[in-house]
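Colleague: quick one: sequence plus predicted model below, questions after.
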Amino acid sequence: MTTLPLPTRQFTSRTELRMLRPDGSTKFELVYFRHGGTEGTATEATVTITETSEILLDEFRALADQWHEETDDLSSPSKIAMHPAYQRIISKGERVLPLILEDLKERRGEWYWALRTISGESPVPAHAAGNRRLVDEAWLDWGRSRGYIR
């Protein structure tokens, strides 16, 4: 268990922390806060890590590798998006957004359905529809503006 000093602020008892590592990659940890004093505020929190970022990263890489291997030659967006590995990645929620965006930057791929599903947003302008380069740029800019990637 690690104790982190925090400025006094409101927060829920369960949250995800996003931290940038020195190499520029993003680390996510699911944490539970036990706080003292006034309910809902804290100056110090006890953090219990329930899933290490290494486990999530390893699982994401294995699923993404499988998905790329089995779908990169497909032309049907629905077959690509309904692949079991892709669906498992989506089920992990917001904590995999930085990983998806990094994979999009490095290997490309049809990550758009996953990004829209998880984020609930679509930053792609109408004029970019059908142009993969512009769609990729729109999503990567979106990820940078929200601190998911550099």
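Modeller: Here it is on my side, so go on. Numbering: from 1, shown residues only.

Colleague: for Gly147, see how far away Gly109 is.
Modeller: Per Cβ to Cβ, to the nearest Å, Gly109 is found 22 Å from Gly147. For glycine as for every other residue, the C-beta is placed from the backbone atoms N, C-alpha and C.

Colleague: so between the two, which is more surrounded?
Modeller: Neighbours were counted for Gly109 and for Gly147 using other Cβ atoms under 10 Å; Gly109 has more, 19 against 11.

Colleague: how about the more buried one: what's its closest non-neighbour residue?
Modeller: Nearest non-adjacent residue to Gly109, counting by Cβ to Cβ, 6 or more residues apart in numbering: His68, 6.1 Å away.

Colleague: element containing that neighbour, please.
Modeller: Using DSSP states H and E, His68 sits within helix 53-71.

Colleague: then the host helix or strand of Gln87 to PDB, C-alphas only?
Modeller: For Gln87, the host element (DSSP H and E) is helix 84-91. The C-alpha trace of helix 84-91 is given here as PDB (Å, rounded to 0.1, in the frame of the first residue of the first chain):
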ATOM      1  CA  PRO A  84     -13.500 -11.200 -30.500                       C
ATOM      2  CA  ALA A  85     -10.100  -9.600 -29.600                       C
ATOM      3  CA  TYR A  86     -11.300  -6.200 -30.700                       C
ATOM      4  CA  GLN A  87     -14.500  -6.600 -28.600                       C
ATOM      5  CA  ARG A  88     -12.400  -7.600 -25.500                       C
ATOM      6  CA  ILE A  89     -10.300  -4.500 -25.900                       C
ATOM      7  CA  ILE A  90     -13.400  -2.300 -26.100                       C
ATOM      8  CA  SER A  91     -14.700  -4.000 -22.900                       C
END
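
Colleague: buried residues in that helix?
Modeller: Going by neighbour count (16 or more other Cβ atoms under 10 Å), the buried part of helix 84-91 is Ala85, Tyr86, Arg88, Ile89, Ile90.

Colleague: next: stretch 91-107.
Modeller: Within stretch 91-107, the residues that count as buried by 16+ other Cβ under 10 Å are Lys92, Arg95, Val96, Leu97, Pro98, Leu99, Ile100, Leu101, Glu102, Asp103, Leu104.
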